[in-house]
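Colleague: my questions are about this predicted structure, shown below with the sequence.
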Amino acid sequence: MTKKLAKVTTETRDYFADTFTVYYLEPTFKDKLTTARKFQNCVNYYLKHKKVEKWPLDYCFRNQTEEERKIILRKYWLKYFSFLLDEQQNIQHINQRIQEGKPIKIGENLGFIRMAFTRIMMKTLNEERAENLKQKKE
C-alpha cells in the first residue's frame, strides 16, 4: 500500500498543480494574513527570484474555459515547482488525498501548502545565499 502511494502518476502531478492553482488564484483579499495569501506571496517571491517573466495570472484570460486554464496552469506549476515532487512524503500525501477522493479547496490542505511554502522559501533563500557567496568570492 505504501509503495503504491509513493509513485508519481499523472493524477499525482495534476492534483499537485491543481492545489497550486486553487491556493494561488483563490480570492483572499479579505484577510491579508491567510495561508493562501502567504502562499501567493511565497510563490511570487520565488518567481521573482528565478526572474520568470510570465506569472500565473498572465495565463488567465476571460475567454478561457475553466478546463483550458487548468491545463495551462498545470504545465506552468510543474515547470517551476516540480522539485516539490522529489519528496516521498509529499507524493504519499497527495496520493492519499486522491485515494480518499478529497477535493481541493482553501483550508482543506493546509499541511501540504505550509510544507510547500517552507520548501519554496528554503530553496529560494539557499539559492540567494549561494549567489551572494559567489559574488563575494569574485
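Modeller: Happy to help now that I have it.
Colleague: list the contacts of stretch 73-86.
Modeller: Taking contacts as C-beta atoms under 8 Å, 6 or more residues apart in numbering, the residues outside stretch 73-86 that touch it are 8, 12-14, 16-18, 20-21, 43, 46-47, 50, 52, 56, 59-60, 90-91, 116, 119-120, 123. Just so you know, the C-beta spots here come from the backbone N, C-alpha and C atoms, and that holds for glycine as well.
Colleague: what of stretch 126-136?
Modeller: With contacts defined as C-beta under 8 Å, 6+ apart, stretch 126-136 is touched by His49.
Colleague: ok now that stretch, how far from the chain's centre?
Modeller: Distance, stretch centre to chain centre, for stretch 126-136: 24 Å (C-alpha atoms, centre = their mean, to the nearest Å).
Colleague: for Cys42, which residues are in contact?
Modeller: Counted by C-beta under 8 Å, 6+ apart, Cys42 has contacts Phe117, Ile120, Met121.
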